[in-house]
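Trainee: Structure for this input, please:
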Amino acid sequence: MHPAADAWKDALARVDRWFADAMARNPGVIPCRPGCSACCRGPFDISVADALLLREGLMTLPAHDRAAVRAAGQAQLARLRAEAPHWRPPWDLAELGEAQFDAIAERHRAEPCPLLDPDGACRAYAYRPLVCRLMGLPMMTAEGEIIDNACPIQDRFPTYAALDPQLFDLEALEAEEQACLEGAAMALFDSPLHRGFETIIAAIAAD
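Mentor: Numbers count the residues shown, from 1 in each chain. Next up, the predicted model:
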């Protein structure tokens with residue numbers, strides 16, 4: 001694995017431990033489980049570090065899984081490009097602009113992620129982006145900011161929906177992320193100037 005991808009994977013493990021600790025402290029409350037894909041819908045932005053890690057992870061998949069992911073990614077990209085014909089590789093979301101991307105994402109919000117298998121499980125779970133790991137829990141950052149739980153089905157689980165925000169030092173992760181973004185930009189574009197590059201999972205899946 002590329003060193004920049006490996007560094008970001010190590011940083012993301014902190015989020016995984018935070019989530020696992022919350023589940024251990026609240027047994028039977030948090031319904032997140034393999035195969036639940038309620039939040040794995042619609043295109044959303046991922047960072048250049050996420051893109052590099054996912055690309056590296058997809059290379060480890062068995063050939064039939066990789067082919068399925070590539071086909072799903074290409075199909076989703078084709079649907080999105082029908083609404084934005086000017087959008088081309090490397091699929092930089094800056095080329096769409098925030099307003100156009102938000103509008104497209106809203107229209108395609110029900111589409112399943114290209115990484116999902118027929119049972120709703122993520123084929124690249126160990127390499128999934130940061131936003132995927134943060135979904136499912138409300139958070140209180142070390143500086144006291146509250147980030148609400150974005151789970152779309154939490155209303156089905158009243159105790160889960162009422163769960164207190166779980167403390168996490170997001171600022172420390174974001175500080176570590178900066179070096180990972182520069183390393184990933186060098187790996188993918190041979191330039192640190194692309195550290196702000198953002199794309200979608202389908203773009204990496206389709207490659």
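Trainee: Next up, the contacts around Cys36.
Mentor: Cys36 makes contact with Gly120, according to C-beta atoms under 8 Å, 6 or more residues apart in numbering. From N, CA and C alone the C-beta is placed, and that goes for glycine too.
Trainee: Now the lengthiest helix in the chain: average pLDDT?
Mentor: Counting by DSSP state H, the longest helix found in the chain is helix 3-25. In this model, helix 3-25 has a mean pLDDT of 97.
Trainee: in that helix, what's buried?
Mentor: For helix 3-25, the neighbour count (16 or more other C-beta atoms under 10 Å) marks 4-5, 7-9, 11-12, 14-15, 18-19, 22-23 as buried.
Trainee: What segments of the chain are strands?
Mentor: Remark: strands assigned in the chain by DSSP state E are 46-47, 139-141, 146-147, 166-168, 198-199.
Trainee: now the residue nearest the centre of the chain: how far from Ser47?
Mentor: The C-alpha lying nearest the average C-alpha coordinate of the chain belongs to Pro129 (C-alpha atoms, centre = their mean; 3.2 Å). Pro129 sits 7 Å away from Ser47, taking C-beta to C-beta, to the nearest Å as the criterion.
Trainee: Same check on Ala124?
Mentor: For Ala124, the distance to Ser47 (C-beta to C-beta) stands at 16 Å.
Trainee: who's more crowded, the two?
Mentor: Ala124 (26 against 22; other C-beta atoms under 10 Å).
Trainee: quick revisit: pipe the buried residues of helix 3-25 into JSON lines and attach distance to Gly183 per row.
Mentor: Shown next, in JSON lines, are the buried residues of helix 3-25 (distance: C-beta to C-beta, whole Å):
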{"residue": "Ala4", "distance to Gly183": "3"}
{"residue": "Ala5", "distance to Gly183": "8"}
{"residue": "Ala7", "distance to Gly183": "6"}
{"residue": "Trp8", "distance to Gly183": "8"}
{"residue": "Lys9", "distance to Gly183": "12"}
{"residue": "Ala11", "distance to Gly183": "11"}
{"residue": "Leu12", "distance to Gly183": "14"}
{"residue": "Arg14", "distance to Gly183": "17"}
{"residue": "Val15", "distance to Gly183": "18"}
{"residue": "Trp18", "distance to Gly183": "23"}
{"residue": "Phe19", "distance to Gly183": "25"}
{"residue": "Ala22", "distance to Gly183": "29"}
{"residue": "Met23", "distance to Gly183": "31"}
